[in-house]
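# Take a look and give me a structure for this.
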Amino acid sequence: MATQIVVSPPSTPVIEPWTIHDSNITLHECLSRRNPPIPNEIILQILDDSSRWIRTKIINAGLANDNELTRVGSHVRNHGQQQILATNQLSSLEVARIRRVVFTFRSQDQGWSGDPLHHGTFNGSWTWFEASLTRFIGTDYSEQERDDLTKIKEEKEKVRYQLQRNRHAGREPENYRHELGIDHALLQQVEEGDSFVLWARARYPAWENRVYKAVIEVWCVDDLEGVLKSTA
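Okay, here's the model as predicted:
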């Protein structure tokens, strides 16, 4: 009996997602191969465009569904304020390259109030979000160093910027997105070792900030580290 040959269809290649960083590398290759080649210093200036910035940090507190949430209020353990998210510490290279920080969150207040005039608006709302810097304190410091870092941390966390108030007596959670650019005071104050923080706040009895999801993104100029060294 003749042998049956089964011809398998060609396998589908796995296509990796094309990133902004990949695009920047390709652009660098094209510009550096021109005759005469464009200097790396000029190429880096070209890459300092918002369409070519890269996301170097992303941290999120994503919850499975709208039945899982963090409650912030004067009547619960956090006494009306809680750190929802904080990025890990920023290096000196990142601080020099940061161009924007994006805060995204899904939230609502307690869904009712005794002030029907402002229902459905953002007026008279006593639940809100703030952004600040902080400084983490590790265990590998001397007692004096820890004291000094604690003072720095407290001073940084005192300076906060309001991002968003919840809709007054909101019946459903809503999505909010706030982008802080390089000219914003928060980014002007950032230093090596700092972290970006998202705070949830609530004031007065019965007011409650209900947080379902939160994300912090840090976007920086792509310095093509490693690529430029190999072409030097």
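
# can I see the domain layout of this protein?
Split into domains by automatic domain parsing, the chain comes to 18-51, 53-231.

# what's the most buried one of the ones you listed?
domain 53-231 (a mean of 16; mean count of other CB atoms under 10 Å). Every C-beta, even on glycine, is put in place using the N, C-alpha and C of the backbone.

# average model confidence for that one?
For domain 53-231, the mean pLDDT works out to 92.

# can you tell me which residues contact residue 215?
Shown in contact with residue 215 (CB atoms under 8 Å, 6 or more residues apart in numbering): 58-62, 85, 102-105.

# do the same with residue 48
Neighbours of residue 48 in contact, by CB under 8 Å, 6+ apart: 99, 221.

# hmm, back to that, out of the contacts of residue 215, name the ones that lie in strands.
58-62, 85, 102-105 (DSSP state E).

# now the residues you listed in a markdown table, with distance to residue 159?
Converted to a markdown table, the ones in strands among the contacts of residue 215 look like this (distance: CB to CB, whole Å):
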| residue | distance to residue 159 |
| --- | --- |
| 58 | 24 |
| 59 | 21 |
| 60 | 24 |
| 61 | 23 |
| 62 | 28 |
| 85 | 18 |
| 102 | 20 |
| 103 | 16 |
| 104 | 22 |
| 105 | 20 |
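
# right, and out of the contacts of residue 215, which lies closest to residue 151?
Nearest to residue 151 among the contacts of residue 215 is residue 85, at 23.5 Å by CB to CB.

# Could you look up the SS state of residue 191?
Under DSSP: H, G, I helix; E, B strand; the rest coil, residue 191 falls in the coil class.
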